[in-house]
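I would like to see how this sequence folds:
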Amino acid sequence: MAIIDVSIVPIGTETPSVSAYVANIHKVLEKYNGEVKFQLTPMNTIIEGDLPLLLKVVQEMHEVPFENGISRVATTIRIDDRRDKKSTMEGKLASVQAKLEQN
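Numbers count the residues shown, from 1 in each chain. Coordinates of the predicted model:
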């Protein structure tokens with residue numbers, strides 16, 4: 001199980017707002033609902049699942065702005081692939097929260 005933090009930025013949009021592009025990109029994730037877990041944040045999207053599938057999903061997400069007329073896209077990907085034990089988004093947050101409560 002891997003967790004990917006992905007940020008996709010269309011370059012050369014008509015306005016400074018990119019929320020319409022983000023919404024269209026998010027539709028890719030909805031196609032995989034049940035196969036991957038995802039969380040939209042104000043600055044990026046976090047997805048969790050089997051690494052080969054996540055990389056396929058990220059590639060599909062990266063293509064969306066091109067399909068909507070953008071000629072340049074900058075995508076940043078950070079992968080947390082822990083193989084010694086199961087790692088989930090919720091588990092990582094719970095671990096930090098437990099430590100906060102100890103202090």
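
where does the chain have low pLDDT?
Flagging of the chain using pLDDT under 70 yields the residue ranges 103.

all strands of it, in order?
For the chain, the strands defined by DSSP state E cover 2-11, 37-40, 45-49, 72-81.

quick one: list the elements packing against the second one.
Strand 37-40 sits against helix 19-31, strand 45-49, with contacts defined as 3 or more C-beta pairs under 8 Å, 6 or more residues apart in numbering; DSSP states H and E. C-betas here are computed from N, CA, C, even on glycine.

now find how far off-centre it is within its chain.
For strand 37-40, the separation from the chain centroid amounts to 7 Å (computed by C-alpha atoms, centre = their mean, to the nearest Å).

can you tell me what sits against it?
Among residues not part of strand 37-40, those counted as contacts by C-beta atoms under 8 Å, 6 or more residues apart in numbering are 22, 26, 29, 32, 45, 46, 47, 48, 49, 88, 89.

of the residues you listed, closest to residue 7?
Nearest to residue 7 among these: residue 45, at 7.5 Å, using C-beta to C-beta.

do you know how far the closest residue to residue 58 other than its chain neighbours is from residue 48?
Nearest residue to residue 58, sequence neighbours excluded (C-beta to C-beta, 6 or more residues apart in numbering): residue 6, at 5.5 Å. Residue 6 is 12 Å from residue 48, where distance means C-beta to C-beta, to the nearest Å.

quick check: longest helix of the chain.
For the chain, the helix that runs over the most residues, judged by DSSP state H, is helix 51-67.

that helix to strand 45-49, inter-axis angle?
Relative orientation of helix 51-67 versus strand 45-49 (axes from the mean of the first three to the mean of the last three C-alpha atoms, to 10 degrees): 140 degrees.

convert the C-alpha atoms of helix 51-67 to PDB, please.
What follows is helix 51-67 as a C-alpha-only set of coordinates in PDB (Å, rounded to 0.1, in the frame of the first residue of the first chain):
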ATOM      1  CA  LEU A  51       1.500   1.600  -6.300                       C
ATOM      2  CA  PRO A  52       1.200   0.500 -10.000                       C
ATOM      3  CA  LEU A  53      -2.500   1.500 -10.000                       C
ATOM      4  CA  LEU A  54      -1.700   4.900  -8.300                       C
ATOM      5  CA  LEU A  55       0.900   5.600 -11.000                       C
ATOM      6  CA  LYS A  56      -1.700   4.800 -13.700                       C
ATOM      7  CA  VAL A  57      -4.200   7.100 -12.000                       C
ATOM      8  CA  VAL A  58      -1.600   9.900 -11.700                       C
ATOM      9  CA  GLN A  59      -0.800   9.700 -15.400                       C
ATOM     10  CA  GLU A  60      -4.500   9.900 -16.200                       C
ATOM     11  CA  MET A  61      -4.900  12.900 -13.900                       C
ATOM     12  CA  HIS A  62      -1.800  14.600 -15.600                       C
ATOM     13  CA  GLU A  63      -3.500  14.200 -19.000                       C
ATOM     14  CA  VAL A  64      -6.700  16.000 -18.100                       C
ATOM     15  CA  PRO A  65      -5.500  19.600 -18.500                       C
ATOM     16  CA  PHE A  66      -4.000  18.700 -21.900                       C
ATOM     17  CA  GLU A  67      -7.400  17.300 -22.900                       C
END
